[in-house]
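1. this one's structure only:
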C-alpha cells in the first residue's frame, strides 16, 4: 500500500521530504534526484535548501532530471521548466547546473527527444528519489487522464483544464500557455527507486483519494503509484479530507519506527 503522511502544514511536509533527500545525498553523494515544478514541491525545495546550508551538505555531485518541459517554449523564457528548475532548485541548493537535465522541447528535434531522455536517465543509473505533484484531474508530470501506465518520455497534448490551471504562471492568460509538452511517462516515473508525491488544499482532495484509495486506472494517472514498492504521499488535512482511511494513516505514521524513515 502507498504510504500516506498527513502533515499539519506545507512546511512540515517539506521538512519530511528534505530529511529524506538529505539522508540520500549524504549516503550517496552522486545520487539522482527527480525534479518536478509547480507549486506543490516548493516547500520541499525550500526545506532542503535550508538543510543543505545549515548542515553544510555537499551537493556538488548530485544529479537531477526534470519531469517535463513545454514544447516550443524558449528555454530562456521565465516560465520554461528549465528556468523554473534553475530558479527554484539549482540556485537555492547550489547544484551544478551541468548535472541537472530537462527534456528538450525544441520542436525541431522533439520526435527523438523522449527516447534520448529515457536513455540519459538509464545511463545515469536511474532516478533515486522522484518528487511529484498532482493535478486536479490526477495527472502527474504531464501524463493526462488516459495516458498509458507503461508510457515512456514523449510529447503530449495538454488538456484544457491543465492549461487553465497553469495560466496563473502566464499572467493569467491561457493563450500564452503552450498546448504541448514533453514529459516523462508513467512507465519512466515508476522506474525511480523512491517516489514522494506532495499535494495540498481541498482542490486536490478528490485526486488524492482516487490516487490512494481508488482503482488503478489510466484515467487517474497518479493511481499508478499503487504499483510502486516505495511510494509515499505527503498531504495536508484539506487534501486528505476525502480519504476513508485517514485516521489509520495518522495512526500508522505516529507509530512508525523511527529507523524506517520514509
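-> Received it, and whenever you're ready, just let me know what you need. Bear in mind that the values here come from a model prediction, so they are computed numbers and not experimental data.

2. which residue packs closest to residue 48, ignoring adjacent ones?
-> residue 18 (4.1 Å; CB to CB, 6 or more residues apart in numbering). To be clear about C-beta, it is placed using only N, CA and C from the backbone, and glycine gets the same treatment.

3. list the contacts for that neighbour?
-> 44, 47, 48, 50, 51 (CB atoms under 8 Å, 6 or more residues apart in numbering).

4. mind checking the SS state of it?
-> Here residue 18 is helix, with the state taken from DSSP: H, G, I helix; E, B strand; the rest coil.

5. picking that back up, which single one of the contacts of residue 18 is nearest to residue 163?
-> residue 44 (24.9 Å; CB to CB).

6. which SSE is the closest one in?
-> In this assignment (DSSP states H and E), residue 44 forms part of helix 42-55.

7. that helix: which residues count as buried?
-> 42, 43, 44, 45, 46, 47, 48, 49, 51, 52 (16 or more other CB atoms under 10 Å).

8. residue 250 against residue 6, yeah?
-> Yes. Using CB atoms under 8 Å, residue 250 is in contact with residue 6, at 5.6 Å.

9. and residue 88, how many neighbours?
-> When neighbours are counted by other CB atoms under 10 Å, residue 88 registers 18.

10. so who does the residue lying closest to residue 28 once chain neighbours are set aside touch?
-> In space, and not counting its chain neighbours, residue 28 is closest to residue 128: 6.7 Å by CB to CB, 6+ apart. Residues near residue 128 by CB under 8 Å, 6+ apart: 24, 28, 31, 32, 33, 192, 193, 194.

11. now with 10 Å?
-> Contact analysis of residue 128 by CB atoms under 10 Å, 6 or more residues apart in numbering lists 21, 24-25, 27-28, 30-34, 62-63, 192-194.

12. and residue 55, by the same measure?
-> 22, 26.

13. roughly how far does it sit from residue 134?
-> Plainly put, residue 55 is 30 Å away from residue 134 if you go by CB to CB, to the nearest Å.

14. ditto for residue 141
-> For residue 141, the distance to residue 134 - CB to CB - is 10 Å.

15. who's more crowded, the two?
-> Neighbour totals were compared for residue 141 and residue 134, and residue 141 leads with 31 against 27 (other CB under 10 Å).

16. pretty sure the more buried one contacts residue 147?
-> Yes. With contact defined as CB atoms under 10 Å, residue 141 reaches residue 147; the gap is 8.9 Å.

17. this completes my enquiry, with thanks.
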